[in-house]
Every structure is written in C-alpha cells, then in structure tokens.
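> give me a model of this one.
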Amino acid sequence: MHFDLLATSGKARAGLLHTDHGDIPTPIFMPVGTVGSVKAVHQRELTDDIDAKIILGNTYHLYLRPGTPSLKAAGGLHRFMGWQRPILTDSGGFQVFSLAENRKLSEEGCTFKSHIDGSRHVFTPEKVVDLQREIGSDIMMAFDECPPGESPYDYAKKSMALTHRWMDRCMKRYHETQPLYGHQQALFPIVQGCKYADLRRQSAEHAASHNAIGYAIGGLAVGEPTEVMYQMIEVVNAILPTDKPRYLMGVGTPANILEAIERGVDMFDCVMPTRNGRNGMLFTWEGTINIKNKKWEHCFDAIDPTSHALADRCYTLAYLHHLIKSEELLGLQIASIHNLTFYLELVRTAREHIIQGDYAEWKSKVVDKLSVRR
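As a prediction, the model looks like this:
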C-alpha cells in the first residue's frame, strides 16, 4: 500500500492511494457503513450509482454485532458483506467514549458496557489491532481517546499523552502481527490535542515519528467553533508528512470538506449524507433542501438539475416530498443515494480543479452556495 501525490493547488492535494482492493483517488469521501451496511443503500448502488471507492466500518459496532468470530469465519468483512473495494475501520474509540455506559479508562485500556445489552467488555490497544485484523479492513485506526471539543487544557494534555502511549502499543502490535486474508493492511495513527495548537503540534510530531502509511486527524467537529477546527487542521498539516495521506475523521458539511481540502486534507467520512437524507435534507450544488417543506409538493423539477446522479435523473422533488412525508422506505433510499452521490461528485470536482491548478478560485465561487437553505 502506498500513496502517490500527483498534483497540488496551493495546499490542496490530488493523489492516488493504492490498496490491494483498488486504487483510491484523493480527495475522497468515504460513505459510513458502521455495521457492514451503508444505511438504506445497497452495495450495488454504492458501486454502480454512487461509485464509492472506499467505505468505512466501525470496530466497536462490528465487535458487538455480528462479532469478529462470525467475520473471521466468513473470511473477513469484505466477503461477509459482498464488498470488493477498500474498507477503512475506525478503532471504536469514539464510540466507546460516546455510546458506552459506565466506561472506565486506565493505562491498560478502556472497560465499557455494551449499548446493546449492557454486557461488559475491555478494549486495549492490542485488542483493537487484533479485532481489525479479524475484520480485515484495508486501513485500520489506532486506539485513541477523543476528548470533548471544549475540554480544559490539563485534561486535553493528559488525554493526548494517553493516546500517544496507546498509539505506540498499537503500532507495536501491528508490526508483530500479519493480515489474515491475504491483503495488506495499513494502520493510521490518530492526532489528538483538542483545540490547543501546542498539543496538536506535539501529537502530530509523535504520530509522524511512526512513519506510518497514512495519518488521521481526530477530535475535531466535536463541539469546537468551525474556525478553530480549520486552525487546528493547518497546525497539524504543517507537520504531517506531505507524501502520506491525511484523513480528517467525522467531517462534515460540504463547505467543511472544501475548506479542509484547501488546507491539505485528503480523506473524509461523515454520517451526514445518509442521516440527513433520511430526515429529509438534501444537499445540492445550489444549497440544502428540506424536502418536507410544502413548497416542494408541486415542484416537478429534478432534485438537482446539475447532478449526474441516477436519483436526480429519475425522480422529481414532488415525488420525493411525497415519499418522505408518507414515510415510505423508498424515500429514505432515494435521499441517501442522492446525498452520497453529491458528496462523491463534490470531491471528484475538487480533484479536477486541483489538477487544473485553480482550486482556490473554484472553491470561493461554490462554497457560499453550498450553505444556502433553499
């Protein structure tokens, strides 16, 4: 697995991440398939209609259900879910700290109770690497603690130091073990440090010292102001290697993504396209639409006339309004496919302008439109 940096436009980058399950053009958006399924979207639609190059799964959720013994018996998550393109797995750290009840942190790891049945479990850095080996993702994440965005400095510093010690143990375990299913796996360290520039610098330097295949930036878009998020991205990317991919975890809106690309980020994931779609919010090149509003009841225009999405060619705003108001499952499917297609079009178009060398000019023309409420 390796990364080729092909073009730059300012700090924005166009590259190609080579994996055994296929090449990933960057910048890239990864649909979230938490439990081995992108909600309301069939795998065929992910490949044929949306053309997702990589999807994301989650170690915490897959560990609890169906369980890694089932995944291992199936030959890994790719075979289990019938997906032949790359997969990235989050370490589960964010879910342990946000979903699990009665969690208890220690130097060894984290003890937590399942949000499903209350059963007690322990995640250590070593176990998280082992679980991701059993899942068989192409890109694995190191185990980390994700502190709240408004954490005080002393807590953020203590949390970062623990994340670094866990990172070291994850990397050690990664180098001690081998993939189980015949394809290469990479392990990305995660940069933490909350909203504090000096901590972010320390964390980026510590992560970079591992000479990993790629790096993740965690702990942003968790309550801090948007401008602070952008500042922290700039701080971190000034230190992370320029010849390795950079993954901004859990971000975000279309405007967030374009701003982060301008600051040198290569990879993104977020539940927003599917979650917001299921709740009636559609992303378009002219802004966001609340399809539940009565104004769309008799609008027989395409969802987004400028889009090449299958859903936009086949269905009107009036029809989707009817489906969502009627709580028809097809409405959730159409909205999810539309939003994911838009997000993938967004990063593909960004990539084209990076290669052309006019990314900043293009971004400045479109970013304000993306935030308009139609």
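> may I ask which helix or strand of the protein has the lowest mean pLDDT?
helix 310-314 (a mean of 67; mean pLDDT, DSSP states H and E).
> I'd like the next helix or strand past it.
Counting by DSSP states H and E, the next helix or strand C-terminal to helix 310-314 is helix 317-325.
> I'd like the next helix or strand past the longest helix seen in the chain.
Counting by DSSP state H, the longest helix found in the chain is helix 329-356. Using DSSP H and E, the helix or strand that follows helix 329-356 towards the C-terminus is helix 359-370.
> what are the C-alpha coordinates of that next one, in CSV please?
Extracted in CSV, the C-alpha atoms of helix 359-370 (Å, rounded to 0.1, in the frame of the first residue of the first chain):
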residue,chain,number,x,y,z
TYR,A,359,-8.8,25.1,-6.8
ALA,A,360,-8.9,28.2,-4.6
GLU,A,361,-10.7,30.2,-7.3
TRP,A,362,-13.3,27.5,-7.9
LYS,A,363,-13.8,26.9,-4.2
SER,A,364,-14.5,30.5,-3.5
LYS,A,365,-17.2,30.5,-6.1
VAL,A,366,-19.1,27.5,-4.9
VAL,A,367,-18.6,27.3,-1.1
ASP,A,368,-21.1,30.0,-0.2
LYS,A,369,-23.8,28.4,-2.4
LEU,A,370,-23.4,25.1,-0.6
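> give me the buried positions along it.
359, 362-363, 366-367, 370 (16 or more other Cβ atoms under 10 Å). Where you see a C-beta, it was placed from the backbone N, CA and C, and this is true even at glycine.
> quick one: mean pLDDT for that helix?
Averaged across helix 359-370, the pLDDT comes to 96.
> how many residues are close by Val35?
15 (other Cβ atoms under 10 Å).
> same check on Thr8?
16.
> what do you get for the one 3 residues further on?
Around Lys11 there are 17 other residues, counting by other Cβ under 10 Å.
> likewise for the one 10 residues further on?
Neighbour count of His21, defined by other Cβ under 10 Å: 18.
> just the pLDDT for the closest residue in space to it that isn't next to it in sequence.
Spatial nearest neighbour of His21, excluding adjacent residues (Cβ to Cβ, 6 or more residues apart in numbering): Pro86 at 4.4 Å. You'll see Pro86 listed with a pLDDT of 98.
> which phi and psi values does Pro86 adopt?
phi -60, psi 150 (degrees, to the nearest 10).
> surely it touches His18?
No - contact criterion Cβ atoms under 8 Å: Pro86 and His18 do not qualify, at 9.9 Å.
> what do these two both touch?
Taking Cβ atoms under 8 Å, 6 or more residues apart in numbering as the criterion, Pro86 and His18 both touch Ile24.
> of these two, who's got more company?
Between Pro86 and His18, counting by other Cβ under 10 Å, Pro86 is the more crowded of the two (26 against 14).
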